[in-house]
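Peer 1: coords please:
(2 chains)
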2 protein chains.
Amino acid sequence: MKLRDVGEDKLLDQLLPHLRLGKTVVAGAGDDCAVTKMFPGRNFLVLKTDCIVEGVHFLSGANPVDVGWKAMMRPLSDFAATSAVPQFALVTLIASKETEVEWVRKLYRGLRRAAKRFKISIVGGEMSGTPGPIAISVSIVGFVEKGRWLSRRGGKVGDDLFVTGRLGGAVKQKHLQFIPRIVESRWLTKSFAIHAMMDLSDGLGVDLPRLARASNVGFKIEMESLPLSRGAKVDSAISEGEDYELLFAISPRHSRRLQRAWKRKFPKLALTRIGQLHQRSNIKRQTLPGGYVHFQQPS
Amino acid sequence: MKLRDVGEDKLLDQLLPHLRLGKTVVAGAGDDCAVTKMFPGRNFLVLKTDCIVEGVHFLSGANPVDVGWKAMMRPLSDFAATSAVPQFALVTLIASKETEVEWVRKLYRGLRRAAKRFKISIVGGEMSGTPGPIAISVSIVGFVEKGRWLSRRGGKVGDDLFVTGRLGGAVKQKHLQFIPRIVESRWLTKSFAIHAMMDLSDGLGVDLPRLARASNVGFKIEMESLPLSRGAKVDSAISEGEDYELLFAISPRHSRRLQRAWKRKFPKLALTRIGQLHQRSNIKRQTLPGGYVHFQQPS
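Peer 2: Residues are numbered from 1 along each chain as shown, chains lettered A, B, ... in the order given. Have a look, this model is predicted:
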């Protein structure tokens, strides 16, 4: 059965009432707007939207449960980067009339699973027709305590650079099943003074220069210490993207204590010091003997 | 010059810094998440997302400034329905590499103009590629005072039904240039006890039954009193949609006072009593002599 046989509104009427809503939700999907209670305390509001498109972020044959998972988890990875707590999600699905209803049901199963993992309420669901490829846009709203908010901008000269997990090879499978590092990020800002943080979605080679630029510093990476995924090479760890691991800067005074505490708290997840932040310099990109770019902040 | 020549990231880097941000915005577009201050007082958080697609909600040849305006104003019409104050917008643009950069610039001009009209900060802007038609998704976040929140659900038997403005014919031009009735809605909930409200986006014939169903009541419309746009016929006022006017229910005790006060406050905008809410009945749809459906709550 296809979307054209059921109608978008009817399908949404079937899907949306089954969404699990948190206690703070006053009105969820189905009314003109979603309405929720405010979270108390001295907090900032945090907002993020992202979208994935068929043929660009997932292949047409991908499992729709995985597609829903990825659509929800991508903006959540930005929440991890901000050390924020996600609470509410708005979903927009743009799909053709020829889309199988079963595909949409499975997509929502993936969205719901992902939301449940982080206790998020899906409070809005829109659907629109298109003659083109399927696109799913997800917006997330939540909060962060004023003292725990992180951005790319606070990195200081001399800071150690760390990454969580392993890099490279994510485009094979992990990009559809990754778990945003929200738990890890919340633990980090509870226990340590992190200066700057971001999530690695476009690859270290693109994302690290962004953090350095935002912090107005340079950087130097020790290529030999990059934590590689099984079977991945250095260049894929640098340029492939879709890792959704955290990259952050912390004063070297705290690095030892951080590494010991991390090992106790997250024994299964690697935490690796990959380099340092430096003064902005004029040193251009250098090529290592192995052919890899020993990349530093270009002038 | 096309998107492929500039790159999405570069174009966003040019567009986003020019966004006008309110004083409550701590971090706008460009970082992983947007971060804003919370609005004080005993308020609810209000969230809405919506999208428009080329070929469905606007023609390929439409003025991109108008397209941006419509993309922003559609979810704002839902804020009017909720009597909420919009504050922050997240924009996702899905466009092909062949899209003219100038088209995107003009789209953002329309988005910015629309945001400025209601003092909204655009705090997030994403762009993604597609081989298909252009789609623009906009999410809005804001607040409503606990005592002023309206939904479709509060209508009572005996309530008078009112609509703002004139209905029908909007698909010609108005749908690209309408102004959501936020000012009017905020005035209504400041001065009057409105029972239920919604915005007319799909046409009175579809939307009124939704309000009645949500309120668990029936309805009766006096077709002869429907406020028609110039040149519009009754059937287009009922079924065409895209009016973006307000439909609301209020106790008949307050109708006179409302109509007098409205005329003083909004002398240029019609406010028309079009019928009443009734007990749910078993009366089926009836056809009027003129051929119009004299529509009542079907059993």
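
Peer 1: switch to C-alpha atoms for all contacts and neighbour counts from now on
Peer 2: Will do.

Peer 1: what sits against the nearest residue to A:Phe162 once chain neighbours are set aside?
Peer 2: Residue nearest to A:Phe162 in three dimensions, not counting chain neighbours: A:Arg273, with 4.4 Å by CA to CA, 6 or more residues apart in numbering or on different chains. Going by CA atoms under 8 Å, 6 or more residues apart in numbering or on different chains, A:Arg273 touches A:160-163, A:225.

Peer 1: which one of those is nearest to chain B?
Peer 2: Using CA to the nearest CA, A:Val163 comes nearest to chain B of the contacts of A:Arg273, at 16.5 Å.

Peer 1: correct me, but that closest one touches A:Ile274?
Peer 2: Yes: with contact defined as CA atoms under 8 Å, A:Val163 reaches A:Ile274; the gap is 7.0 Å.

Peer 1: just the buried ones from the contacts of A:Arg273?
Peer 2: Burial by neighbour count, judged by 16 or more other CA atoms under 10 Å in any protein chain shown, picks out A:160-163 from the contacts of A:Arg273.

Peer 1: can you tell me which two in the residues you listed are farthest apart?
Peer 2: Farthest-apart pair in the buried ones among the contacts of A:Arg273 is A:Asp160 and A:Val163; separation 10.3 Å (CA to CA).

Peer 1: identify the contacts common to these two.
Peer 2: A:273-274.

Peer 1: and A:Val141, what element?
Peer 2: strand A:135-145 (DSSP states H and E).

Peer 1: contact partners for A:Arg153?
Peer 2: Each residue near A:Arg153 by CA under 8 Å, 6+ apart is listed here: A:195-196, A:211-212, A:214-216.

Peer 1: should've said A:Gly28
Peer 2: A:21, A:34-35, A:122-124.

Peer 1: can you redo those as CSV with distance to chain B and pLDDT?
Peer 2: Shown next, in CSV, are the contacts of A:Gly28 (distance: CA to the nearest CA, whole Å; pLDDT from 0 to 100):
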residue, distance to chain B, pLDDT
A:Leu21, 14, 78
A:Ala34, 5, 83
A:Val35, 5, 84
A:Ile122, 11, 91
A:Val123, 8, 89
A:Gly124, 7, 87
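
Peer 1: among the residues you listed, name the buried ones.
Peer 2: Counted by 16+ other CA under 10 Å, the contacts of A:Gly28 give A:21, A:34-35, A:122-124 as buried.

Peer 1: wait, which of those is closest to B:Gly68?
Peer 2: A:Gly124 (21.6 Å).

Peer 1: and the closest one, that one's in a strand?
Peer 2: Yes: using DSSP: H, G, I helix; E, B strand; the rest coil, the assignment for A:Gly124 is a strand.

Peer 1: phi and psi next, for the spatially closest residue to A:Pro64 that is not a sequence neighbour.
Peer 2: Leaving aside its sequence neighbours, A:Pro64 sits nearest to A:Leu107 (CA to CA, 6+ apart; 4.7 Å). Backbone torsions of A:Leu107, given as degrees, to the nearest 10, read phi -60, psi -50.

Peer 1: quick one: A:Leu107 from B:Met197, how far?
Peer 2: 32 Å (CA to CA, to the nearest Å).

Peer 1: more crowded one of those two?
Peer 2: Under the criterion of other CA atoms under 10 Å in any protein chain shown, the comparison of A:Leu107 against B:Met197 puts B:Met197 first, with 30 against 23.

Peer 1: and what about the closest residue to the more buried one other than its chain neighbours, helix, strand or coil?
Peer 2: Spatial nearest neighbour of B:Met197, excluding adjacent residues (CA to CA, 6+ apart): B:Phe248 at 4.2 Å. Following three-state DSSP, B:Phe248 is assigned to strand.

Peer 1: and B:Phe248, how many neighbours?
Peer 2: Applying other CA under 10 Å, I find that B:Phe248 has 27 neighbouring residues.

Peer 1: quick one, strands of the stretch 101-250 of chain A?
Peer 2: A:121-129, A:135-145, A:160-164, A:194-200, A:218-221, A:245-250 (DSSP state E, counting those that start in this stretch).

Peer 1: quick one: which of the ones you listed is nearest B:Ala81?
Peer 2: strand A:121-129 (15.3 Å).

Peer 1: what mean pLDDT would you report for the one helix or strand A:Leu90 maps to?
Peer 2: According to DSSP H and E, A:Leu90 maps onto strand A:85-95. For strand A:85-95, mean pLDDT is 92.

Peer 1: which outside residues touch that strand?
Peer 2: Contacts for strand A:85-95 (CA under 8 Å, 6+ apart): A:76, A:79, A:118-144, A:182, B:47-51, B:137, B:139.

Peer 1: same question, stretch A:248-265
Peer 2: A:155-156, A:158-163, A:192-198, A:271, A:277.

Peer 1: now do the end-to-end distance for stretch A:164-182.
Peer 2: First-to-last distance for stretch A:164-182 - CA to CA - comes to 12 Å.

Peer 1: buried residues in it?
Peer 2: Neighbour-count burial for stretch A:164-182 [16+ other CA under 10 Å]: A:164-170, A:175-182.

Peer 1: just the buried residues from the contacts of strand A:85-95, in PyMOL please.
Peer 2: Listed next is the PyMOL selection for buried residues among the contacts of strand A:85-95, using 16+ other CA under 10 Å:
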select buried, (chain A and resi 76+79+118+119+120+121+122+123+124+125+126+127+128+129+130+131+132+133+134+135+136+137+138+139+140+141+142+143+144+182) or (chain B and resi 47+48+49+50+51+137+139)
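
Peer 1: for A:Leu228, grab the count of nearby residues.
Peer 2: When neighbours are counted by other CA under 10 Å, A:Leu228 registers 18.

Peer 1: out of the contacts of stretch A:248-265, which end up buried?
Peer 2: Looks like those have A:155-156, A:158-163, A:194-198, A:271, A:277 buried, using 16+ other CA under 10 Å.

Peer 1: now flag whichever of those residues is closest to chain B.
Peer 2: A:Met198 (6.9 Å).

Peer 1: give the bridge partners for that closest one, please.
Peer 2: A:Leu247 (DSSP bridges).

Peer 1: so it sits against A:Leu246, correct?
Peer 2: Yes: A:Met198 is within contact range of A:Leu246, at 5.9 Å (criterion: CA under 8 Å).

Peer 1: helix or strand with the lowest mean pLDDT in chain A?
Peer 2: strand A:286-287 (a mean of 37; mean pLDDT, DSSP states H and E).

Peer 1: can you show me the helices along the stretch 101-250 of chain A?
Peer 2: All helices of the stretch 101-250 of chain A, identified by DSSP state H, counting those that start in this stretch, fall at A:101-117, A:182-191, A:204-215, A:234-239.
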